[in-house]
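1. Give the three-dimensional model of this entry:
(chains A and B)
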Amino acid sequence: MSSIDPIILFFLFGMLAGVARSELRLPSQIYDFITVLLLLAIGLKGGVELSKQPFSTLLPQIVTVAGMGILLTLLAFPVLLSLGRFKRADAASIAAHYGSVSVGTFAVVLAYMSSKQIAYEEHMALFVVILEIPAILVGIVLARGMSRKNQWDKVAREVLLGKGVVLMVGGLLIGWITGPAGVVSIKPLFFDLFKGILALFLLEMGLITASQLGSLKKHGLFLAVFGIAMPVLSAAGGTLIGWIMGLSIGGTTILATLAASASYIAVPAAMRISVPEANQTLSLSASLGITFPFNILLGIPLYHWFAEQVHRFLGG
Amino acid sequence: MNFYPLKLVTIVTEAALESSLVADIDRLGAHGYTITDARGKGGRGIRNASWSTSANIRVEIVCDGEVSKAIALHLKEHYYDNYAMVLYINDVDVLRPDKF
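-> Residues are numbered from 1 along each chain as shown, chains lettered A, B, ... in the order given. Alright, predicted model coming up:
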């Protein structure tokens, strides 16, 4: 039993409490605060690493990762449209959720790496920011076409000034400017407490996941299957891309996890404004009710195994 | 002391709409508004504000009859189909009509 990470147990605890309809709930202000801490901590960590290498060497990787986000959205859309028989707007919205990323899942894979003491490229946080955005834009175009009615200024505002992107970019910049020596003074709050904060975050995520399970029952088997098959296939693609990019086993695992994860904060907010006729319950019950728990409980160890196999058979 | 009759428009809707709603209200001629966080249950299920996508807001606007009608019409046309939204209008009395 000792191999189970306590943060995973916090998640299961939250889910159980939610399923049992306990009164337990983190005050929403606290949840907001925890999210702010996590986003800044992730940004800072990545920023410190960025300060160690010239930005230009990362440019090809950034372009590749953005391409991956677009590709995943484009692949998910026809599957949802034809196999899932969803309306165009719903299919586009769900596809955008799966093309984008979940910062919560990213935080869990970082914790997994540190508890298994696996080395990885620390600038992966940059890829989280990069992956948030293209899927949203592709999703809107898939739902609406390239019409002028899209109010791109509103969309850009929602996408670029959303809490997640702003805080992570802020953290990246602060970490990048101050460098490793500079962040020492704020290390106790952001880095030493990281896992404790993550545990609280996952407790609340467990409660939220449990609240999605009810609506999942209504929306049936296809979403449940999609919510597991899509991340596994995306992770397989992410593993290959990570290997082609020359990432280490740790880095490949993280990229695969990013590919597998589905957004539940940035994309829902943007889709609500830009594609209002899409049913938000469908995409959220899949991404939160199925994919998030699958990824953190079973997915991450599986993607780690993927990465090991690819590096063993293809070399590198 | 003289009271002047005006309208109070109350809108309960999704928090995600706040910025676009506020822009609309300004444009339609209201001179101010008050926004509070709200929780409750309605046609779109329990909106318990436990996290951002299920959060609601209540927007209150005191304005004259013309503006209240313009707001009601605009919201009905642009938001009713796709968003959780309730709007109702009361008669209210105020002391300083020039303020609204």
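
2. which element is the closest residue to residue A:290 other than its chain neighbours on?
-> In space, not counting the residues next to it along the chain, residue A:290 is nearest to residue A:227; the distance is 2.9 Å by C-beta to C-beta, 6 or more residues apart in numbering or on different chains. In this view, the C-beta of every residue, glycine as well, is placed from N, C-alpha and C. Here residue A:227 sits within helix A:194-244, counting by DSSP states H and E.

3. got the angle between the helix or strand just after that helix and helix A:194-244?
-> Using DSSP H and E, the next helix or strand after helix A:194-244 towards the C-terminus is helix A:249-260. Computed with axes from the mean of the first three to the mean of the last three C-alpha atoms, to 10 degrees, the direction of helix A:249-260 lies at 90 degrees from that of helix A:194-244.

4. by contact count, what packs against helix A:249-260?
-> Packed against helix A:249-260 by the contact rule (3 or more C-beta pairs under 8 Å, 6 or more residues apart in numbering or on different chains; DSSP states H and E) you find helix A:59-82, helix A:103-115, helix A:124-144, helix A:194-244, helix A:300-314.

5. mind checking the SS state of residue A:84?
-> Of the three states, residue A:84 takes coil under DSSP: H, G, I helix; E, B strand; the rest coil.

6. so it touches residue A:222, yeah?
-> Yes: using C-beta atoms under 8 Å, residue A:84 is in contact with residue A:222, at 5.0 Å.

7. do you know how far the residue positioned nearest the centre of chain B is from residue A:158?
-> Note on chain B: the residue nearest the mean C-alpha position is residue B:11, at 3.1 Å, using C-alpha atoms, centre = their mean. Separation of residue B:11 from residue A:158 (C-beta to C-beta, to the nearest Å) stands at 20 Å.

8. Could you pull up the residues touching the residue of chain B found nearest chain A?
-> Nearest residue of chain B to chain A, counting by C-beta to the nearest C-beta: residue B:82, 3.7 Å away. Applying C-beta atoms under 8 Å, 6 or more residues apart in numbering or on different chains to residue B:82 gives the contacts A:276, A:277.

9. which parts of the lengthiest helix in chain B are buried?
-> The longest helix of chain B (DSSP state H) is helix B:65-78. Buried residues in helix B:65-78, defined by neighbour count with 16 or more other C-beta atoms under 10 Å in any protein chain shown: B:67, B:68, B:70, B:71, B:72, B:75, B:78.

10. Surely the residue nearest to the centre of chain B touches residue B:84?
-> No: using C-beta under 8 Å, residue B:11 is not in contact with residue B:84, being 11.0 Å away.

11. low-confidence ranges in the chain?
-> Defaulting to chain A. Within chain A, the set of residues satisfying pLDDT under 70 comprises A:1-3, A:147-150, A:219, A:316.

12. my bad, the chain I had in mind was chain B
-> Within chain B, the ranges that satisfy pLDDT under 70 run B:43-53.

13. the helices in it, which residues?
-> B:18-27, B:65-78.

14. what comes into contact with the shortest one?
-> The list of residues contacting helix B:18-27 from outside it, by C-beta under 8 Å, 6+ apart, reads A:154, A:157, A:273, B:11, B:13, B:33, B:35, B:57, B:59, B:61, B:71, B:74-75, B:78-79.

15. Now do it against helix B:65-78, angle only.
-> 140 degrees.

16. Output helix B:18-27 as CSV, nothing but the C-alphas.
-> This file holds the C-alpha atoms of helix B:18-27, laid out as CSV (Å, rounded to 0.1, in the frame of the first residue of the first chain):
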residue,chain,number,x,y,z
GLU,B,18,-20.5,39.1,-16.6
SER,B,19,-18.2,41.0,-18.8
SER,B,20,-20.3,40.9,-21.9
LEU,B,21,-23.5,41.6,-20.0
VAL,B,22,-22.0,44.6,-18.3
ALA,B,23,-20.9,46.0,-21.7
ASP,B,24,-24.4,45.5,-23.1
ILE,B,25,-26.0,47.2,-20.1
ASP,B,26,-23.7,50.2,-20.4
ARG,B,27,-24.4,50.5,-24.1
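
17. how about that helix: buried residues?
-> B:21, B:24, B:25.

18. re the thing from before, distance-wise, check the residue nearest to residue A:290 relative to chain B.
-> From residue A:227 over to chain B the distance is 17 Å, taken as C-beta to the nearest C-beta, to the nearest Å.

19. Run a quick neighbour tally on that residue.
-> 24 (other C-beta atoms under 10 Å in any protein chain shown).

20. wouldn't it be in contact with residue A:288 here?
-> No: the criterion here is C-beta under 8 Å, and residue A:227 misses it with residue A:288 at 9.4 Å.

21. ok, back up a step: same for chain A: which of the buried residues of helix B:65-78 are within range?
-> Contacts with chain A within the buried residues of helix B:65-78, counted by C-beta under 8 Å from any C-beta of the partner chain: none were found.

22. can you put those in TSV and add distance to residue A:23?
-> Formatted as TSV, the buried residues of helix B:65-78 follow (distance: C-beta to C-beta, whole Å):
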residue	distance to residue A:23
B:67	43
B:68	40
B:70	43
B:71	38
B:72	38
B:75	35
B:78	38
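
23. Spell out which residues of the stretch 101-250 of chain A are next to chain B.
-> Counting by C-beta under 8 Å from any C-beta, the residues of the stretch 101-250 of chain A near chain B are A:154, A:157, A:204, A:207, A:208, A:211.

24. Quick check: the farthest pair among the residues you listed?
-> Checked with C-beta to C-beta, these reach their widest spread between A:154 and A:207, with 31.6 Å between them.

25. Name the residue in those two with the higher neighbour count.
-> residue A:207 (24 against 15).

26. returning to that earlier point: so which of the helices and strands packed on helix A:249-260 is nearest residue B:93?
-> helix A:194-244 (42.5 Å).

27. what's the angle between that closest one and helix A:59-82?
-> On the basis of the same axes, to 10 degrees, helix A:194-244 is oriented at 90 degrees to helix A:59-82.

28. Quick check: the residue of the stretch 101-250 of chain A nearest chain B.
-> Closest point on the stretch 101-250 of chain A to chain B, by C-beta to the nearest C-beta, is residue A:208, at 6.0 Å.

29. how many neighbours does that residue have?
-> Neighbour number of residue A:208 under other C-beta under 10 Å is 23.

30. The one 3 residues further on too?
-> The local packing count at residue A:211 equals 22, with neighbours defined by other C-beta under 10 Å.

31. Does it touch residue A:18 like I think?
-> Yes: with contact defined as C-beta under 8 Å, residue A:211 reaches residue A:18; the gap is 6.0 Å.

32. nearest residue to residue 88 other than its sequence neighbours?
-> You didn't pick a chain, so chain A it is. residue A:143 is the one closest to residue A:88 (C-beta to C-beta, 6+ apart), at 6.2 Å.

33. that's the other chain; I wanted chain B
-> In space, and not counting its chain neighbours, residue B:88 is closest to residue B:10: 5.5 Å by C-beta to C-beta, 6+ apart.
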